[in-house]
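Student: I would like the atomic coordinates for the input below:
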Amino acid sequence: FSGEGCIRFTGNTEVNGPPDSPISYHIKISTPGTYRVKMLGLKAHMETGEGDKANECYLRMVGEEGWLGEFTKFVLLGESYTWWWNILGEPRYHEFEAPEYPLEAGRYKIQIAGRSKNFFIDKIVLFNTGLFEEQDITGLKEN
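Tutor: The predicted structure follows:
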């Protein structure tokens, strides 16, 4: 991780489970626009030894419509034991996309909950796509 610590989920199993131990982040949007969420995470399948396990969490924006407002599985698509920005929502089976929220000025709440044991999150970034390019965000140092 890049700072003094990171989030490590230790509930459920490395395979899956229901949303557990939600963490809420309250945010204030001053500039209306389309906002995208990016997360820097790591999958560590220490128990199953299977590379496609321990790679998921849940995320939602409270009050938004559709899958954006419901706890939705987010999957890390990358190698094990390496920090990756490639964590995408899976609103439908094996259909992945970056969540985008059209937000007005105001206060909002984002929640992250555990799904797979031994999934780690180091950074969570919410950025205005009209002001920043994705490479500005994902160009941040990954380890």
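Student: any idea how far apart the tips of stretch 66-80 sit?
Tutor: One end of stretch 66-80 sits 31 Å from the other (CA to CA, to the nearest Å).
Student: any idea how far Ile29 lies from Glu133?
Tutor: In this structure, Ile29 and Glu133 are separated by 19 Å, where distance is defined by CB to CB, to the nearest Å. C-beta here means a position set from N, CA and C on the backbone, and glycine is covered the same way.
Student: what's the answer for Leu77, then?
Tutor: Look at Leu77 and Glu133: by CB to CB, they are 20 Å apart.
Student: higher neighbour count, those two?
Tutor: Neighbours per residue (other CB atoms under 10 Å) separate Leu77 from Glu133, with Leu77 holding more: 13 against 10.
Student: nearest spatial neighbour of the more buried one, skipping sequence neighbours?
Tutor: Asn86 (4.7 Å; CB to CB, 6 or more residues apart in numbering).
Student: identify the residues contacting that neighbour.
Tutor: Under the criterion of CB atoms under 8 Å, 6 or more residues apart in numbering, the contact list for Asn86 reads 76-78.
Student: mind checking which helix or strand the spatially most central residue of the chain is in?
Tutor: For the chain, the residue nearest the mean C-alpha position is Met39 (4.7 Å; CA atoms, centre = their mean). In this structure, Met39 sits in strand 33-43 according to DSSP states H and E.
Student: alpha carbons only: can I get the helix or strand following that strand in PDB?
Tutor: If you walk from strand 33-43 toward the C-terminus, the next helix or strand you reach (DSSP H and E) is strand 56-61. Coordinates of each C-alpha in strand 56-61 appear next as PDB, following Å, rounded to 0.1, in the frame of the first residue of the first chain:
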ATOM      1  CA  GLU A  56     -14.200  -8.500  -5.000                       C
ATOM      2  CA  CYS A  57     -16.000  -5.900  -2.900                       C
ATOM      3  CA  TYR A  58     -19.300  -4.200  -3.100                       C
ATOM      4  CA  LEU A  59     -19.900  -0.500  -3.700                       C
ATOM      5  CA  ARG A  60     -22.900   1.800  -4.000                       C
ATOM      6  CA  MET A  61     -23.800   5.500  -4.100                       C
END
